[in-house]
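K.L.:
Predicted model, plus sequence, below.
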Amino acid sequence: MRVLPKFCVLQAGGNRSAAVPFSRSANAAFRHACDENAGGSLASHERCRGVAIGNLGKPTAHAAFAAACSALFFVMRRLARSFVIAAIAGTGCGQQAAPVSDLAAQRQLMVQEQLRPRGIRDARVLAAMSKVPREEFVPSESRAASYEDGPLPIGYDQTISQPYIVAFMTEQLRSKPSDRVLEIGTGSGYQAAILAELVAEVYTIEIVEPLAKNAEATLQRLNYKNVHVKAGDGYRGWPEHAPFDAIIVTCAPDHVPQQLTDQLKDGGRMVIPVGERFAQQLYLLEKKNGQLKESATLPVRFVPMARERK
Ligand code: SAH
């Protein structure tokens, strides 16, 4: 089996595509939206300055009324300014680091608002998503955006996946605590950390060496002792540790690598995006009695699987 899509049957669930897109533009759109909101509030606030409120030179009842109005406007303006500042801080558009307690609260909100309503039900997956601090896996300038509903850049032209996609793919694996899982595309190490909460051992391969090193350092700092990171081309899998109970691929090849299916245990599951740069499907492959059963689950957009030059 070299190229799966021709043989795959689309399952119900394709309609989730609108919620799923894995694109950098989502993040750019978010930042743009934040700028617009902040700018809009300040602009309407500034307009208050130009309001004519009467001639304060003449001590008439009208002028007194106007003076009272003026005072009221000043108070209102100060209040409005405070609200605008609080609102901007609340959106996370500022560069200040969000306090840990805020991020912990945002993590719970992410689970309630992004995962549960879209059908993530597995209690163990939900618990792992509620626990692992995504903010530790993103660059410091993106910390405040850690729980936004989209991918974020992690450098080297790569991204950390949208929380929903991480939860969806993890749920599809139906992992058990005794499992040994292979991940291709370590990236930030976040998906590996989620898996580390759920299974016995995680083996993860990243082709961009500095990313592999960063992820390894982050995972060590957070005390994940059951994740093994390797820098290299994941197309070939990790034969020394095969076979695996489950395999998760978080970059998209244009066909399913034979080495990966060979390294999947009988009874095991593989989740893998397959396709071209902008048109991929997420597949679930189940190996039973040496046969692979395949089903397409979601349209997605991952970074392509790169190949190491020999
Ligand atoms: N799972 C990651 C996100 C993955 S982004 C996380 O949780 O952050 C996809 C990653 O796959 C990128 O870091 C990219 O460098 C990596 N990648 C691409 N081709 C690869 C290959 N052949 N082998 C291993 N990693 C690869």
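P.N.:
Happy to help now that I have it.
K.L.:
okay, CA-based contacts and neighbour counts for the rest of this
P.N.:
OK.
K.L.:
Could you show which parts of the stretch 151-300 of the chain are in contact with the ligand?
P.N.:
158-161, 184-191, 205-208, 233-235, 250-251 (Cα under 6 Å from any ligand atom).
K.L.:
can we see that at 8 Å?
P.N.:
Counting by Cα under 8 Å from any ligand atom, the positions of the stretch 151-300 of the chain adjacent to the ligand are 154, 156, 158-161, 166, 183-192, 205-208, 211, 231-235, 249-252.
K.L.:
same deal with the stretch 1-150 of the chain?
P.N.:
Phe137.
K.L.:
Could you list the low-pLDDT ranges of the stretch 1-150 of the chain?
P.N.:
Along the stretch 1-150 of the chain, segments meeting pLDDT under 70 span 1-97.
K.L.:
quick one: contacts of stretch 247-264?
P.N.:
Here stretch 247-264 makes contact (Cα atoms under 8 Å, 6 or more residues apart in numbering) with 1-4, 169, 173, 181-186, 235-237, 239, 242-246, 269-276, 280, 287, 302-306.
K.L.:
one step back: now, which of the residues of the stretch 151-300 of the chain next to the ligand lie within helices?
P.N.:
Taking DSSP state H, the ones among these that sit in helices are 166, 190-192, 211.
K.L.:
mind listing the strands for the stretch 51-200 of the chain?
P.N.:
Assigned by DSSP state E, counting those that start in this stretch, the stretch 51-200 of the chain shows strands spanning 152-155, 158-160, 180-184.
K.L.:
Most tightly packed of these?
P.N.:
Scoring the strands of the stretch 51-200 of the chain by mean neighbour count under mean count of other Cα atoms under 10 Å gives strand 180-184 as the most buried, with a mean of 27.
K.L.:
List the pairing partners of that one within its sheet, with orientation.
P.N.:
strand 201-206 (parallel), strand 244-249 (parallel) (DSSP bridges).
K.L.:
Any of the residues of the stretch 151-300 of the chain next to the ligand buried? List them.
P.N.:
Applying 16 or more other Cα atoms under 10 Å to these, the neighbour count classes 154, 158-161, 166, 183-192, 205-208, 211, 231-235, 249-252 as buried.
K.L.:
What strand or helix carries Leu282?
P.N.:
strand 279-288 (DSSP states H and E).
K.L.:
er, Gly268 actually
P.N.:
strand 264-276.
K.L.:
Flag every buried residue along that strand.
P.N.:
So strand 264-276, judged by 16+ other Cα under 10 Å, has buried residues 264-266, 268-276.
K.L.:
Can you tell me the strand partners of it and which way each runs?
P.N.:
Here strand 264-276 is paired, per DSSP bridges, with strand 244-249 (parallel), strand 279-288 (antiparallel).
K.L.:
List just the one of those strands that sits closest to Pro99.
P.N.:
Minimum separation from Pro99 across these (Cα to Cα) falls at strand 244-249, 32.6 Å.
K.L.:
and the residue of the stretch 1-150 of the chain found nearest the ligand, how many neighbours does it have?
P.N.:
Nearest residue of the stretch 1-150 of the chain to the ligand: Phe137, at 7.4 Å (Cα to the nearest ligand atom). Residues lying near Phe137 (other Cα atoms under 10 Å) number 23.
K.L.:
For it, which non-adjacent residue is spatially closest?
P.N.:
Nearest non-adjacent residue to Phe137, counting by Cα to Cα, 6 or more residues apart in numbering: Ser188, 5.5 Å away.
K.L.:
Contact partners for the one you found?
P.N.:
Per Cα under 8 Å, 6+ apart, neighbours of Ser188: 137-138, 154, 159-160, 211-212, 214-215.
K.L.:
Quick check: Asp245 touching Pro177?
P.N.:
No - checked against Cα atoms under 8 Å, the pair Asp245 and Pro177 is beyond contact range at 10.9 Å.
K.L.:
Helices along this structure, start to end?
P.N.:
24-46, 61-91, 100-110, 123-131, 163-173, 190-196, 209-221, 258-262.
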